[in-house]
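Visitor: Fold the following for me, if possible:
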Amino acid sequence: MSTSRRSFLKQSAFALAGTAAFSPSVFADAKGNEVLGLQLYCVRDLMKSDPLGTLKQLAAIGYKNVEHANYVNRKFYGWSASEFRKILDDLGMKMPSGHTVMGKQHWDADKKVFTDAWKYTVEDAAAMGQQFVISPWLDESLRKTYDDCIRYMEVFNKSGELCKKSGMKFGYHNHDFEFSQKLNNMTVYDIILKNTDPSLVMQQLDIGNLYNGGARAMDIVKQYPGRFESMHVKDEIASKEGKEKFESTILGAGIVGVKEVIDLGRKSGTIHFIVEQESYQGKGPVECMKEDYDIMKKWGY
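Guide: This next block holds a predicted model:
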């Protein structure tokens, strides 16, 4: 995860054992439901300066699914849900998932109800035809203590119940702190996975971000088989700027062992494979997106 991504998220802001066995029949038709998509944060600057032109370039490359990283005042990149859906429809694209940070402003702890801001978020996601409503950050104030974190996992489950009413699932997307921060001698990620109901709360595993937290993607996928309905497909190399130890790069060029990880995910039920590359090593963002797309197609996705 880049420092800018962390800042971007901050500003915009049951107990089933992970080692449970899964029957192969559960995932028999998984490939028929697979989605290859792109997280639009990859082209964040272009989506600010020329969002329509950028989407056209991505469609021309072959991307048919995108995942948003911009939802402000009930608008996606400046468009209402109905407007943005029509734009994507006209380009032959869909948006099956999106990122909006669920924070303290979205939950009334005294009344134990969601605020209108979160209800609108879920409503607009449904209008876009999303399968997953994903929060990509857990504010520090919500994980100061073990009890704080456990308490907020119940809010995660309640968000799952709210999304379920519209035929969707709530989800969480990791960065790196989840694997380096411990509460009561448990990593935050273990707390999240062990205290959310998989039928209500899906997990989107970013297979690159976790390296800055000292974890390895393959280890996590093996630890929690069947828990990752979505993955951010990302590779990592030593950081050129030195802000963090690792930064993202072209798929297959780094240390993650991307194909091995996503192949294992596919075998245990991952259906969304969302490309994300935040650093470009001197290349243009769209150029990188094309390279990543060609690699994913070569790998059979």
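Visitor: The residue nearest to residue 212 when sequence neighbours are not counted: how many residues sit nearby?
Guide: Leaving aside its sequence neighbours, residue 212 sits nearest to residue 176 (Cβ to Cβ, 6 or more residues apart in numbering; 4.0 Å). From N, CA and C alone the C-beta is placed, and that goes for glycine too. Other residues lying near residue 176 total 22 when counted by other Cβ atoms under 10 Å.
Visitor: I'd guessed residue 176 sits against residue 210; true?
Guide: Yes - with contact defined as Cβ atoms under 8 Å, residue 176 reaches residue 210; the gap is 6.0 Å.
Visitor: what does the one helix or strand residue 36 maps to contact?
Guide: Assigning secondary structure by DSSP states H and E places residue 36 in strand 35-39. For strand 35-39, the surrounding residues in contact (Cβ atoms under 8 Å, 6 or more residues apart in numbering) are 58, 63-67, 69, 96-97, 99, 232, 271-276, 289, 293, 296, 301.
Visitor: Give the next helix or strand downstream of that strand.
Guide: Counting by DSSP H and E, the next helix or strand C-terminal to strand 35-39 is helix 44-49.
Visitor: Mind checking the pLDDT average for that following helix?
Guide: Helix 44-49 carries an average pLDDT of 98.
Visitor: Report the distance from it to the chain centre.
Guide: With Cα atoms, centre = their mean, to the nearest Å as the basis, helix 44-49 stands 19 Å off its chain's centre.
Visitor: Report the buried residues of it.
Guide: Neighbour-count burial for helix 44-49, counted by 16 or more other Cβ atoms under 10 Å, picks out 44, 46-47.
Visitor: repeat for stretch 155-163
Guide: By neighbour count on 16+ other Cβ under 10 Å, the buried set for stretch 155-163 is 155-160, 162-163.
Visitor: Can you pick out the ones from these that are in helices?
Guide: Assigned to helices by DSSP state H, the following of the buried residues of stretch 155-163 qualify: 155-160, 162-163.
Visitor: still on that earlier bit, would you mind listing which of the contacts of strand 35-39 are buried?
Guide: Neighbour-count burial (16+ other Cβ under 10 Å) is assigned, among these, to 58, 63, 65-67, 69, 96-97, 99, 232, 271-276, 289, 293, 296, 301.
Visitor: beta partners of the residue nearest to residue 229 when sequence neighbours are not counted?
Guide: Among residues not flanking residue 229 along the chain, residue 202 sits closest, at 4.3 Å (Cβ to Cβ, 6+ apart). For residue 202, the beta-bridge partners are residue 171 (DSSP bridges).
Visitor: tell me the pLDDT at residue 202?
Guide: Reported pLDDT for residue 202: 98.
Visitor: Residue 144: what secondary structure?
Guide: When classified by DSSP: H, G, I helix; E, B strand; the rest coil, residue 144 comes out as coil.
Visitor: okay, how far is it across stretch 65-79, tip to tip?
Guide: Stretch 65-79 has an end-to-end distance of 17 Å (criterion: Cα to Cα, to the nearest Å).
Visitor: circling back: what separates the residue nearest to residue 229 from residue 243, distance-wise?
Guide: In this structure, residue 202 and residue 243 are 30 Å apart, going by Cβ to Cβ, to the nearest Å.
Visitor: neighbour count winner among these two?
Guide: Neighbours of residue 202 and residue 243, each counted by other Cβ under 10 Å, are more numerous for residue 202; the result is 26 against 11.
Visitor: pretty sure that one contacts residue 226?
Guide: No - counting by Cβ under 8 Å, residue 202 does not reach residue 226; the two are 10.9 Å apart.
Visitor: pretty sure residue 80 is touching residue 72, no?
Guide: No - applying Cβ under 8 Å as the test, residue 80 and residue 72 come out as separate, 11.7 Å apart.
Visitor: The protein: helices as residue ranges?
Guide: 3-11, 44-49, 51-61, 81-90, 116-127, 146-164, 177-180, 188-194, 217-223, 258-267, 285-298.
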